[in-house]
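>>> structure for this input, please:
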Amino acid sequence: MKKLLTIATTLGLMFSGSIAVQASPQQDLKEFRSYFAKRFPDVPFQEFVNGVYAIDKASRAQWESIEEFPPYELSIDKGKKLFETPFANGKTYASCFRNGGMGIKQDYPYFDTSSGKVVTLEGAINDCRVKNGEKPLGWKKGKIADISAYMAYTSRGNKTNVKIPADTAAMAAYERGKNHFYAKRGQLNMSCADCHQWNAGNRIRADLLSPALGQTTHFPVYRSKWGALGTIHRRYGGCNKQVRFKPFKAQSDEYKALEYFHTYMSDGLELNGPGARK
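Residues are numbered from 1 along each chain as shown. Take a look at the predicted model:
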């Protein structure tokens, strides 16, 4: 908490975080990419999937050493076993997904025009359980993160392919997520963009702030701070707490909308999850 307070005061985060009114998602995406291309001109577009490890050589060397024996490897194995274990009715998760659930994470989250809702991968996993007579799993960690990690692993190398349909409800969800990303909140009066766009690459004491471009590609993530794997909604909640704002519930409409916008901003980048971070 002191770290965020320090950067808020020393850097003087006075950005308004204004959002271009009526800008299309395509225009937002173009401007978002352009911002990071100018801020980090030596970083190739595809390298942004590696977060701070794309912009800092010392951090990258440490990360590459960790990746030699990935701390999330056991979670992938657990997720595979869970994914393939039949429910009480004899069906498996594969029955609920296109292509048996393999290599499909790049399409999530998506907007379901029939229900008028954003569908995340974790949401789809629990929907599958409920449809097959099973109880839903917790949203932030544990089994759902393991299953998601396995599905992410089978999707490595596929390019993020989130769509924003020409639908009033879909655009409303997109704009809601965009607003969350740029709106200031909490006692520290900070937005996601304050840290991960306007100050990406700057330091909070010894730590570098990661660029928002590419952040969604490596989830779920094993964080050293957690000592375990966690979903992106767990991370959203943690970020909100750090700016002294009461977080929304995991898989709330607010966080699903944020994930929708956040992931769309990384369209075209290859998935490399699950990943390992500090």
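>>> gap between K256 and K78?
25 Å (C-beta to C-beta, to the nearest Å). C-beta: built from backbone N, CA, C; applies to glycine.
>>> any figure for the gap between the residue sitting nearest the centre point of the chain and A206?
Ranked by distance to the mean C-alpha position of the chain (C-alpha atoms, centre = their mean), the top residue is T216 at 3.3 Å. Using C-beta to C-beta, T216 is found at 25 Å from A206.
>>> hmm, back to that, these two touch, right, the residue nearest to the centre of the chain and I232?
Yes - with contact defined as C-beta atoms under 8 Å, T216 reaches I232; the gap is 6.5 Å.
>>> okay, and the common contacts of these two?
Residues touching both T216 and I232 (C-beta atoms under 8 Å, 6 or more residues apart in numbering) are E259, H262.
>>> give me the neighbour count for A61.
A61 has 10 neighbours, counted by other C-beta atoms under 10 Å.
>>> that one: what's it in contact with?
No residues are in contact with A61 under the rule C-beta under 8 Å, 6+ apart.
>>> phi, psi of it?
The phi/psi pair for A61 (degrees, to the nearest 10) reads phi -60, psi -40.
>>> which stretches of the chain form strands?
With DSSP state E as the criterion, the chain has strands at 110-112, 117-119, 203-204, 207-208, 221-223, 228-230, 275-277.
>>> the helices in the stretch 151-278 of the chain, which residues?
168-182, 192-193, 232-242, 253-264 (DSSP state H, counting those that start in this stretch).
>>> which of the ones you listed sits closest to N99?
helix 253-264 (19.4 Å; C-beta to C-beta).
>>> quick check: angle from the closest one to helix 232-242?
Here the directions of helix 253-264 and helix 232-242 differ by 110 degrees (axes from the mean of the first three to the mean of the last three C-alpha atoms, to 10 degrees).
>>> M171 and K178 touch, don't they?
No - judged on C-beta under 8 Å, M171 makes no contact with K178 at a distance of 10.1 Å.
>>> of those two, which one has the most company?
Applying other C-beta under 10 Å to M171 and K178 shows that K178 carries more neighbours, namely 23 against 15.
>>> any idea how far L82 lies from P109?
Applying C-beta to C-beta, the value for L82 to P109 is 21 Å.
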